[in-house]
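**Student:** Next one to model:
(2 chains)
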Amino acid sequence: MVAVMTLFELEFMQRALIAGLLTGLAAPAIGTYLVQRRLSLMGDGIGHVAITGVALGLLTGTAPVLTAVVVAIAGATTIEFVRARGKASGDVALALLFYGGIAGGVLLIGLAGQGAATLNTYLFGSLTTVSPTDLWIVVALAVTVLVVAVGLSPQLFAVCQDEEYARVTGLRVQALNILIAVMAAVTVTVAMRTVGLLLVSALMVVPVATAQQLTRSFRSTFLAACGIGVVACLAGIITSYNADVAPGATIVVLALAGFMVAAVAGALVRRRRGLVPPLPDEEPEVHVPEPAAHLVSARHGHAHDPKCGHPAIEHGDHVDYVHDGHLHAAHGDHWDEH
Amino acid sequence: MTADTTAGQEAVQVVDLSVDLGGRPVLRGIDLEIRPGEAVVVLGTNGSGKSTLIRTMVGLLRVSRGRVSLFGTPAPSFRQWHRVGYVPQRITAASGVPATVQEVVASGRLSRRRLFRPLTAGDRAAIDDALEVVGMVDHRKHAVAELSGGQQQRVLIARALASDPELLILDEPTAGVDLSSQSVLTEAIRERVARGTTVVLVSHDLGPMDSLIDRSVVLRRGRVVYDGPPHAAQTHAHVHPHGHGPDEPGWLPS
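**Tutor:** Prediction:
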């Protein structure tokens, strides 16, 4: 208890925890959209490119957070253009961009006279290095990402769910796609000090994967992922302080542990759900006696229709309705037993 | 073009339309006018260009020659997308995050919503109506990926109906759909036709929808070869042409 009290009294830990809270919210928020459109690894690629941005900052004496956000946005926009063109060579182009980002970053950091220790704080996060200036930038960027991710959620959801349909509703799909890429780039920069550039993508993807083990809707997945992200970040930062290890690794290991728990729970829930009846479109497994050639249902006053509540099933070239254990089919002005 | 002067009244006007996909001509010189309130089916074999035609109508594909107008406005500058309801061919792969029926149908309201605004009471009522029409109210909280193919198709139709469109464009609405869902879909569309909605649908097997069509257009190798009243023979004939002459009504010289 004493250890925890002193932890919250340390100013650098207060800054680290605020940065962690915002990172835990922002990364899964944008991550939900990336996972929805099956671009889970986009954050990873942007993280690689951002290393060059950090190096440029160190080399020129500018705040690395600022240079990183500029370079990350440029990289993310490039990735989005390559993706939208959908060419087979796009895959290779992306690989070139990712490795160019890492190699360029390491090279430039060497030129700036900084060693591997400095680089490591950006790759895997570092609690002590969040300066007050950094914190303000992180707060501003994270709040922007959250406002966009929540405020534009109907539009972003539609674009990620069914891009062509979104276009026919008149949405500016290309602008929204670039917005998602830019937000992902901003989030990478926000998360850089907490989880680090190499592990940021995990914080975008793992909470979403964890949440959807137990959710059925986009909204609940989004909210649960943000909650999981916050818990993983805060718990990871506190653990990393006590154990004196890099926060990025701690946060990601905790998030993965959460995923395993949710995967087991999800499997159990699905097994229980599996006991509900089969889809109504499937043939009911009741024994239906064969009717005579043309057997008119006596005094059948009820008119079946698709909404009357009686299960409708396919029967050759027409639709029958299950009614008290036998089948009724429309025939002119009366109902036949089938 | 003399057609320019009368353009204002057509729901869809296609003039001398050619579309290339990957450098290969798919549509060649299509002329087509669809008047408000008509229910038109576009028939043709695989590769005849029928899906390309309606995907071009809704602005998804680039026109290489000619033009498409919706409600008298050339497609590139058309902005009133709430007047159009589009039903694409069924989602081939589910997206990476689960989504409920209600959430997907709510996307249909986007053409009427402004940015950064929550759903209004009117939006909710329209979503409820659309779910009701396709008989999916009880499934609103279900994940779309867990539904059968026919139920997924009903969800896509509800999404298109949610904006209360004047023009409904459907790409293969009955393909791979079980018969009971087909009859639900047919009733949903019949109700729209009765309210004056223009319907354009692509199909190579109409099934129960046959009864609500009042005009059919047959494409072959990217050209219109028939444009006229529907009758049972020509749905067969477009697959198996049998030496029709230009004297038969509807058949166009190819």
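**Student:** for the helix ranked longest in chain B, what is the average pLDDT?
**Tutor:** Ranked by residue count and defined by DSSP state H, the top helix of chain B is helix B:179-194. If you average the pLDDT over helix B:179-194, you get 90.
**Student:** packing partners for that helix?
**Tutor:** For helix B:179-194, the packing partners by 3 or more C-beta pairs under 8 Å, 6 or more residues apart in numbering or on different chains; DSSP states H and E come out as strand A:312-315, strand A:318-323, helix B:149-161, strand B:167-171, strand B:198-203. Just so you know, the C-beta spots here come from the backbone N, C-alpha and C atoms, and that holds for glycine as well.
**Student:** So which elements touch the second one?
**Tutor:** For strand A:318-323, the packing partners by 3+ C-beta pairs under 8 Å, 6+ apart come out as strand A:312-315, strand A:326-331, helix B:179-194.
**Student:** same check, this time on the longest one
**Tutor:** Counting contacts by 3+ C-beta pairs under 8 Å, 6+ apart, helix B:149-161 is packed against strand B:84-87, helix B:101-106, helix B:121-133, strand B:167-171, helix B:179-194.
**Student:** Point out where the stretch 151-300 of chain A drops to low pLDDT.
**Tutor:** A:274-295, A:297-300 (pLDDT under 70).
**Student:** Can you say which helix or strand has A:Thr144 in it?
**Tutor:** Taking DSSP states H and E as the criterion, A:Thr144 maps to helix A:132-151.
**Student:** buried stuff in that helix?
**Tutor:** Residues of helix A:132-151 classed as buried by neighbour count (16 or more other C-beta atoms under 10 Å in any protein chain shown): A:Asp134, A:Leu135, A:Ile137, A:Val138, A:Leu141, A:Ala142, A:Val145, A:Leu146, A:Val148, A:Ala149.
**Student:** ok, and the closest non-adjacent residue to the first one?
**Tutor:** Which is A:Asp134. A:Val65 (5.5 Å; C-beta to C-beta, 6 or more residues apart in numbering or on different chains).
**Student:** In contact with that neighbour, which residues?
**Tutor:** Contacts here follow C-beta atoms under 8 Å, 6 or more residues apart in numbering or on different chains; on that basis A:Val65 touches A:Gly57, A:Asp134, A:Ile137, A:Val138, A:Thr189, A:Met192, A:Arg193.
**Student:** contacting residues for A:Ala235?
**Tutor:** A:Ile251, A:Leu254.
**Student:** Kindly recompute the last result at 7 Å.
**Tutor:** By C-beta atoms under 7 Å, 6 or more residues apart in numbering or on different chains, the residues touching A:Ala235 are A:Leu254.
**Student:** how close does it sit to A:Asp244?
**Tutor:** 16 Å (C-beta to C-beta, to the nearest Å).
**Student:** so which residue of chain B comes closest to chain A?
**Tutor:** Here chain B gets closest to chain A at one residue, B:Trp81, 3.4 Å apart by C-beta to the nearest C-beta.
**Student:** For that residue, the count of nearby residues, please.
**Tutor:** When neighbours are defined as other C-beta atoms under 10 Å in any protein chain shown, B:Trp81 has 21 of them.
**Student:** Quick check: chain neighbours aside, which residue is closest to it?
**Tutor:** Spatial nearest neighbour of B:Trp81, chain neighbours left out: A:Gly170 (3.4 Å); criterion: C-beta to C-beta, 6+ apart.
**Student:** I figured that neighbour was touching B:Arg113, is that so?
**Tutor:** No. Using C-beta atoms under 7 Å, A:Gly170 makes no contact with B:Arg113, being 10.4 Å away.
**Student:** what pLDDT does the nearest residue to A:Val139 once chain neighbours are set aside get?
**Tutor:** Counting by C-beta to C-beta, 6+ apart, A:Leu22 is the residue found nearest to A:Val139 once chain neighbours are left out, at 6.3 Å. As predicted, A:Leu22 sits at a pLDDT of 95.
**Student:** Give the full set of residues in contact with A:Leu22.
**Tutor:** A:Val138, A:Val139, A:Ala142, A:Val190.
**Student:** Against chain B, how distant is the second one?
**Tutor:** Here A:Val139 is placed at a distance of 21 Å from chain B (C-beta to the nearest C-beta, to the nearest Å).
**Student:** Any residues of chain B in contact with chain A? List them.
**Tutor:** Neighbours of chain A within chain B, by C-beta under 7 Å from any C-beta of the partner chain: B:58-60, B:79, B:81, B:84, B:86, B:88, B:91, B:95-100, B:103-104, B:106-107, B:110-111, B:113, B:115-116, B:135, B:143, B:148, B:150-151, B:178-181, B:183-184, B:187.
**Student:** which among the residues you listed end up buried?
**Tutor:** Judged by 16+ other C-beta under 10 Å, buried ones among the residues of chain B next to chain A: B:58-60, B:81, B:84, B:86, B:88, B:91, B:95-100, B:103-104, B:106-107, B:110-111, B:113, B:135, B:143, B:148, B:150-151, B:178-181, B:183-184, B:187.
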